[in-house]
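Participant: Sequence and computational prediction follow.
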Amino acid sequence: MDNDFKKKMHETLLKLKEEIINNLISENDSFKSLIEDIDPKDIVDIAADDIDRKMLETVSAHDIKRLKLIDAALSRIQNDRFGVCMKCGKKIPEERLEAIPYAVMCIACKTTDEKMNR
């Protein structure tokens, strides 16, 4: 996987994080007050910090899962493991990563996994 694509995915993942945090701020008064009480930081830095217990209580389970997946994908980019299926070890197609930048499995493994979990 070339560095330009990784850089593009890194930027996309950071934008996704920012969108989640901004949505939480606009939709949840408790979350908004927590963010306002934090020293002024870049919104992505806030999301990258360890999320404390109060923040976790205000965030939906779905958003927590997405934030964790995004953080894991960012970590995989740094560790040069981005785009590798965690199940079979094969390369995840760039088209899949463009659609789901935090994907951890190739389409074949994800399909098999979903069938087993039905």
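Facilitator: Good, I have the coordinates. Numbering: from 1, shown residues only.
Participant: ok, the residue nearest the centre of the chain - contacts?
Facilitator: What sits nearest the mean C-alpha location of the chain, by Cα atoms, centre = their mean, is residue 70, with 1.3 Å. Counting by Cβ atoms under 8 Å, 6 or more residues apart in numbering, residue 70 touches 13, 16-17, 20, 101-102. All C-beta atoms are positioned from the backbone trio N, CA, C, and that covers glycine.
Participant: And it, how close does it get to residue 89?
Facilitator: 22 Å (Cβ to Cβ, to the nearest Å).
Participant: So, low pLDDT: which residues of the protein?
Facilitator: 26-60 (pLDDT under 70).
Participant: any idea which helix is longest in it?
Facilitator: Ranked by residue count, the top helix of the chain under DSSP state H comes out as helix 3-27.
Participant: before we move on, back to that, export the contacts of residue 70 to JSON lines and tack on distance to residue 62?
Facilitator: Listed next are the contacts of residue 70 as JSON lines, based on distance: Cβ to Cβ, whole Å:
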{"residue": "13", "distance to residue 62": "17"}
{"residue": "16", "distance to residue 62": "13"}
{"residue": "17", "distance to residue 62": "14"}
{"residue": "20", "distance to residue 62": "10"}
{"residue": "101", "distance to residue 62": "17"}
{"residue": "102", "distance to residue 62": "13"}
